[in-house]
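> Sequence and predicted structure, then a few things I'm wondering about:
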Amino acid sequence: METVDVKKELKHLYHASAKEVVQVDVPAMNFLMVDGEGDPNTSHSYAEAIEALFTVSYTVKFMLKKGELAIDYGVMPLEGLWWADDMTTFSSDDKSNWKWTAMIMQPSFVTAELIESALAEVKKKKNPAAISKVRFASWQEGECVQIMHIGPFSEEGPTIEKLHHFIEASNWRRAGKHHEIYLSDIRKADPKNWKTIIRQPME
C-alpha cells in the first residue's frame, strides 16, 4: 500500500511562520465545501457543515485505502472562507451577518466519481444533516500572504492586522475572502496552543 503525506507535499501552504508574513502562490486545488451564513459559534448549520465534511472526507479516505489504488493518506484540516456582503460591517463584534464556506482539501487523486460514491454511502449509512449541501469544487487563490496565529480565535486581531499592513506596505491590496486553516483539534487542545494559518489573497 502506498502512503502519501499530502500535508508534507504542500508544506508551503499548510505550514506557516508565527513570526513573519510570507507570500505564497496558491494553485487551484479541489475541495469538499459547504456554504452558509451566521455566527459560527451559535449556528447549528456551521456545526452540521463540519460534521458532513469530515464524514465524507473519511469515507473517501477509506474507499481509496480499500480500493484498487490502495492509497493511504491523512485527511486534510478544516478550512474556512469568511466574508460579509458589506465588508465594512465585517467585525468579530457581530458575526450574525458573516457568510462562510467550510471546506476540506482533497488530494489530486480523489476524483469526482469517488466523491459521488462517498456521498451516496454517507447518505445511506449516516445521512448527516448537511449532506445535501456538500459540493466538490476547485478553488484557486493565486497570490496571497499568510501567517500562523497561535492562540484562541478571539485574539486573532493583531495577527490579521500584521497581514494587512504587509499587503499595504508592499503596494498590493486585499482581494478575495479572508481564509483560515485550522491545524488544531479544538476539542482537545488548550486554546492558548491552537494553531491557525491566516491567509489573505491580494492583487
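Ah, there it is.
> what helix or strand does residue 158 sit in?
helix 157-169 (DSSP states H and E).
> buried residues in that helix?
159-160, 163, 166-167 (16 or more other C-beta atoms under 10 Å). In short, each C-beta sits where N, CA and C put it, glycine included.
> just stretch 71-91 next, same as before
71, 73, 75-84, 90.
> Now distance to residue 189 and secondary structure too, for those, in JSON lines please.
Formatted as JSON lines, those follow (distance: C-beta to C-beta, whole Å; DSSP: H, G, I helix; E, B strand; the rest coil):
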{"residue": "71", "distance to residue 189": "28", "secondary structure": "strand"}
{"residue": "73", "distance to residue 189": "22", "secondary structure": "strand"}
{"residue": "75", "distance to residue 189": "17", "secondary structure": "coil"}
{"residue": "76", "distance to residue 189": "18", "secondary structure": "coil"}
{"residue": "77", "distance to residue 189": "13", "secondary structure": "coil"}
{"residue": "78", "distance to residue 189": "14", "secondary structure": "strand"}
{"residue": "79", "distance to residue 189": "17", "secondary structure": "strand"}
{"residue": "80", "distance to residue 189": "17", "secondary structure": "strand"}
{"residue": "81", "distance to residue 189": "23", "secondary structure": "strand"}
{"residue": "82", "distance to residue 189": "21", "secondary structure": "strand"}
{"residue": "83", "distance to residue 189": "27", "secondary structure": "strand"}
{"residue": "84", "distance to residue 189": "28", "secondary structure": "coil"}
{"residue": "90", "distance to residue 189": "27", "secondary structure": "coil"}
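> Looking at pLDDT only, which of these scores worst?
Confidence by pLDDT is poorest for residue 90 among the buried residues of stretch 71-91, given 61.
> any idea how far residue 64 is from residue 8?
18 Å (C-beta to C-beta, to the nearest Å).
> Can you pick out the residue with more neighbours from these two?
residue 64 (22 against 10; other C-beta atoms under 10 Å).
> got any ranges where the chain has weak pLDDT?
Along the chain, segments meeting pLDDT under 70 span 86-94.
> Give me the most central residue, it.
residue 79 (1.2 Å; C-alpha atoms, centre = their mean).
> Ramachandran coordinates for the most far-flung residue of the chain relative to its centre?
In the chain, the residue that sits farthest from the middle, by C-alpha atoms, centre = their mean, is residue 68; the gap is 28.5 Å. The phi/psi pair for residue 68 (degrees, to the nearest 10) reads phi -60, psi -40.
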